[in-house]
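J.: For reference, the sequence and a predicted model appear below.
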Amino acid sequence: MMARPALPKYTVPSLTVEDGAKVAAILQERLNALNDLQLTLKHIHWNVTGPHFIAVHEMIDPQVDQVREMVDAIAERIATLGVAPVGTPGALVKARSWDDYAIGRAGAIEHLGALNEVYVGVISDHRKAAEETEELDTVTNDLLVGHLHELELFHWFVRAHLESAGGALSTAGADGEKKAAKAAKAGAHG
Ligand SMILES: [Fe+2]
């Protein structure tokens, strides 16, 4: 559990400052996750190789742009709730519960196998945060649900590269980014 943050001096009308602090703490975790995601997406954009290079390289940038807008909206919602958003990289690394993205220079399909895993994690946690804010603050809930529309669409763009004509994912059952990358590579060649 995170240390209980100091209560804000004010929050949005009709919320208690306790609930404002609770919602802001949920949002801070999503700020960390999406800040991490936009950096990871750029890392993939720079490190994809092979015959699918240009398609995947160019598919990633609009995702970066959209995720950066989500990051900005989350940080500004935290500030609106009367709490200071924390956007520094050191604080992010200290607070995060997940490992750094595991793949360096590699084939585009391998990266997409790993990125599929990244999106599973981010979307699952975003949905959980949306659920947790459903009763507490409908405006924050609406913000997070709006993000999920985009994030789940981007996830499908990734998965469509890993999908067979029968609808199965080549990475099904592979656990972790490295194993998923390997399974995606084998699926593309087999
Ligand atoms: Fe670029």
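T.: Perfect, thanks for sending it.

J.: pLDDT score for Gly190?
T.: In this model, Gly190 is scored at 46, pLDDT.

J.: what does Ala6 give?
T.: Listed pLDDT for Ala6 reads 79.

J.: Need the nearest residue in space to it, chain neighbours excluded.
T.: Spatial nearest neighbour of Ala6, excluding adjacent residues (CB to CB, 6 or more residues apart in numbering): Ala21 at 7.9 Å. From N, CA and C alone the C-beta is placed, and that goes for glycine too.

J.: Could you measure from the closest residue to Glu150 other than its chain neighbours over to Pro51?
T.: Take Glu150 and drop its neighbours on the chain: the residue closest to it by CB to CB, 6+ apart is Gln66, 5.4 Å away. Per CB to CB, to the nearest Å, Gln66 is found 26 Å from Pro51.

J.: which one of those two has more residues nearby?
T.: Gln66 (18 against 10; other CB atoms under 10 Å).

J.: And for whatever helix or strand Ala181 lives in, what's in contact with it?
T.: Element membership for Ala181 (DSSP states H and E) is helix 177-189. Contacts to helix 177-189, defined as CB atoms under 8 Å, 6 or more residues apart in numbering, come from residues 101-103, 106-107, 109-114, 116-118, 162, 164, 170-174.

J.: what's the spacing between Gln28 and Tyr101?
T.: For Gln28, the distance to Tyr101 equals 21 Å [CB to CB].

J.: Please disregard the earlier target; I meant Leu144.
T.: In terms of CB to CB, Leu144 sits 23 Å off from Tyr101.

J.: who has more neighbours, the two?
T.: Leu144 (26 against 20).

J.: residue contacts, that one?
T.: By CB under 8 Å, 6+ apart, the neighbours of Leu144 are Arg30, His126, Ala129, Ala130, Thr133.

J.: what two of the residues you listed have the greatest distance between them?
T.: His126 and Thr133 (10.8 Å; CB to CB).

J.: Give the residue spans of the protein that score low on pLDDT.
T.: 1-5, 189-190 (pLDDT under 70).

J.: can you pull out the helices in it?
T.: Counting by DSSP state H, the segments of the chain that form helices are 17-47, 53-80, 89-95, 108-133, 138-160, 177-189.
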